[in-house]
Structure formats: structure tokens, C-alpha cells
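Student: The sequence and its predicted three-dimensional model are supplied below.
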Amino acid sequence: MANRMHSPLFDAPGRDVAHDPAIAVSARDLIDMAASAGVLQPLQTLAARARRAGGHVSRVRGRGMDYEESRAYQAGDDIRAMDWRVTARAGEPHTKVFREERERPVFLAVDLGSSMFFASRGRLKSVQAARAAAMFGWAAVAQGDRVGALLFNHSHLELPPRSGRSGILRVIRELVAHGDADAALAAPPVADSFNRALLRLRRLVRPGSLVILISDLYALDEGSVQHLSYLRRHSDVLALRVLDALEHVAPPPGNYGLTDGSTRYEFDATLARDRDGYEARLAAHHAAVEQRLQRCGVPLLRLGTADAVGDAIAAQLNALPTRRRVA
């Protein structure tokens, strides 16, 4: 279902693909998301542990602030905060943790691979992903955070965190530039591109950041668990999974052409047992994705192609435990 020719949104007679907001991302739409970003206020309840002064009460490494605790040294910690007494007593390096108001880097990791350019209703998954990223970005800016991004498909684009409107507007420009379905579907597939992007995130993200991974997560595997677990050691990580209704429930009886971008398949949905098998395989895959995310401690939010982005995400953020402590 990755190929757009089999997406009902693309196939609608007389549809102007280039200017259809359900198919093509527009800068105006993403800028307008700022007006409703206030519904994502629960984003503030996630723990923030960045280094620069800003609007969050955070667990950070620093000097001259209120001491909270000492813990084992981790790569990236400020060596000036070493707790030499605990280090000598424990026999391994320990660092002091201080409580302070801090500005937090927020990384928007957005999957724009070929499987994201599909929907049977509402908007393409890629469009919903871009709108969600923009809303998260505007919410971060409103909280005084810096916003950066990693956009990935057959390649990747890195945008280091930047403060203020300029940070999110730069992300929006690139979301629009990389939201072209023709380019994404025409690009040759790259083996393990999802995990390559996660590996790149490990190198980009500094301790105390918030990483928001937006994807359909079809490529999430055991290697992904290792990357996400590493990120979780020093930063907060949140996953938003974007899926279409047909990725939960079988289509109505009929014959359907499918493709993964390179190979074409035919799916006969005329028999009930085949539709049941289709749904059972999808349910097993979704359960495996959830189990892997649980293992690495990453909360999972869900967004459908027909959902109102702000309302759907805010309701799930409200249900997360407040002031999450990240190990």
C-alpha cells in the first residue's frame, strides 16, 4: 500500500493532487497549527533535563544550583559536576544532579519514507506526520524550548535545535520541501534506513533533550530497540504512530493491487477467511511494535489519518504519567 497509485485519496476523480491539503503539505497549513498548539500543554509534564536557562524545572547537570542527588556518570555529563566523594566511596565515577530552570532541545524525528504516502481517508500519513510535527514544534516554542529536526526517507536531513519562531519555521520549510510524494516514491529504497536514522539521532541528541519520533513504525525491529534504549538513558523519547484505518481492518470484499515500492502483489479480499488473516497479521505486527516500545520505555501515542491532530494527541498526552522520570 506504499504506492500512491493504490491510495484512494490519489485515485479520487478530478482531484488536484498538487494543491490538495489531504495530499500535499503546505507551509500555510503548518504555520496555522500554531493557533491550536496550546492543546499540547501536557507536553510540559514530560521531564526536561537540558542545559541552557529557560522555562522548565529540570533535572540537569550544572553548578551553583540546588543539589538533588548523585548518580553514576554517563557519557555527555559535565565533568565539572563530578561528585568526587561519592566516586571515591563507590569506586566508580558519579556526578551531581542539580535542579534548575532550563531550556530544552526538542528534536522532531519525522519519517517521510514511501509507506507514509498512503491513506484511504482523511489525509496521507505523511501529511498528518508533518502537521503533528508542526504542532509539537509550536508547542515547544511556546514553552521557550529550542526546536530541531531529523527528516528521513531514502536519505536524512539534520536541523540542529534553534530557539524561537525561526527554529520551527525552518523545520516547516523543510517539511514542505520533503513532503513530495513523487520524489519519495521514486527514490530507490535504502536498506535499514529507519535504524540508520535512529543511529544518527544518537549522535545528534544531547542529554536532556526531548525526542519525538513520528512514523508508521513498520521498520521498528530489535535494532531499533537498542537505539531507542540508548536515547532513553539521557533524554525523553516519545513515539507517535500514524496509521490508516486499512492498517487495522481489512478492506471491503474485492481484489486489490498492493506494492511495497518495488514488488507488486494482488490481495483477494473476497473471502472472509482471507480478510480475517489480513487483520490477524496486522494485529500481531502492531502488538510486536507496542511490546518493543514498552521494553525500551518509550510511550506510544497513536494518530489516524482521519483524526484531528491536536485533539487526538492532547487526549493521549493527558493520559501519560505526569513528570515522567527518565532513567
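Tutor: That came in fine, so what should we check first? Numbers count the residues shown, from 1 in each chain.
Student: rest of the way, CA atoms for contacts and neighbours
Tutor: Fine.
Student: pLDDT of the helix or strand containing residue 28, averaged?
Tutor: In the assignment (DSSP states H and E), residue 28 maps to helix 27-32. Helix 27-32 shows a mean pLDDT of 96 in the predicted model.
Student: One more: stretch 129-140?
Tutor: 96.
Student: Check stretch 225-245 too.
Tutor: So the average pLDDT for stretch 225-245 ends up being 96.
Student: secondary structure class for the spatially most central residue of the chain?
Tutor: When CA atoms, centre = their mean is applied to the chain, the residue found nearest the centroid is residue 213 (1.6 Å). Following DSSP: H, G, I helix; E, B strand; the rest coil, the label given to residue 213 is strand.
Student: could you list every residue that touches it?
Tutor: Applying CA atoms under 8 Å, 6 or more residues apart in numbering, we find residue 213 in contact with 108-111, 237-240.
Student: Just confirm residue 299 contacts residue 241, I think it does.
Tutor: No. In this structure residue 299 lies outside contact range of residue 241 using CA atoms under 8 Å: 10.6 Å.
Student: Drop anything exposed from the contacts of residue 213.
Tutor: 108-111, 237-240 (16 or more other CA atoms under 10 Å).
Student: so which of these comes closest to residue 121?
Tutor: Ranked by distance to residue 121 (CA to CA), these are led by residue 240 at 18.8 Å.
Student: secondary structure element for the closest one?
Tutor: strand 236-243.
Student: Given that strand, what are its sheet partners and their directions?
Tutor: strand 210-215 (parallel), strand 300-304 (parallel) (DSSP bridges).
Student: What is the helix or strand just after the first one packed up against?
Tutor: Looking back up the chat, that one is strand 210-215. Using DSSP H and E, the helix or strand that follows strand 210-215 in sequence is helix 222-234. In terms of contacts (3 or more CA pairs under 8 Å, 6 or more residues apart in numbering; DSSP states H and E), helix 222-234 is packed against helix 193-204, helix 272-295.
Student: What's the local residue count around the closest residue to residue 289 other than its chain neighbours?
Tutor: Counting by CA to CA, 6 or more residues apart in numbering, residue 289 lies nearest to residue 220, which is 6.7 Å off, once chain neighbours are set aside. Using other CA atoms under 10 Å, the number of residues around residue 220 comes to 18.
Student: hang on, residue 220 packs against residue 193?
Tutor: No. Using CA under 8 Å as the test, residue 220 is too far from residue 193 to be in contact (10.6 Å).
Student: Three-state assignment for residue 150, please.
Tutor: strand.
Student: distance of residue 266 from residue 121?
Tutor: 21 Å (CA to CA, to the nearest Å).
Student: Please identify which of the two sits among more neighbours.
Tutor: More neighbours surround residue 121 than the other of residue 266 and residue 121, with 18 against 10 (other CA under 10 Å).
Student: nearest residue to that one other than its sequence neighbours?
Tutor: residue 306 (6.1 Å).
Student: is it true that that neighbour lies in a strand?
Tutor: No. Judged by three-state DSSP, residue 306 forms no part of a strand; its state is coil.
Student: Now for it: which residues touch it?
Tutor: 121-123, 244.
Student: Show the buried residues in those residues.
Tutor: Buried members of those, counted by 16+ other CA under 10 Å: 121-123, 244.
Student: Can you add distance to residue 313 and mean pLDDT and give the strands paired with strand 236-243 back as CSV?
Tutor: Formatted as CSV, the strands paired with strand 236-243 follow (distance: least, CA to CA, whole Å; pLDDT from 0 to 100):
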stretch, distance to residue 313, mean pLDDT
strand 210-215, 12, 97
strand 300-304, 7, 97
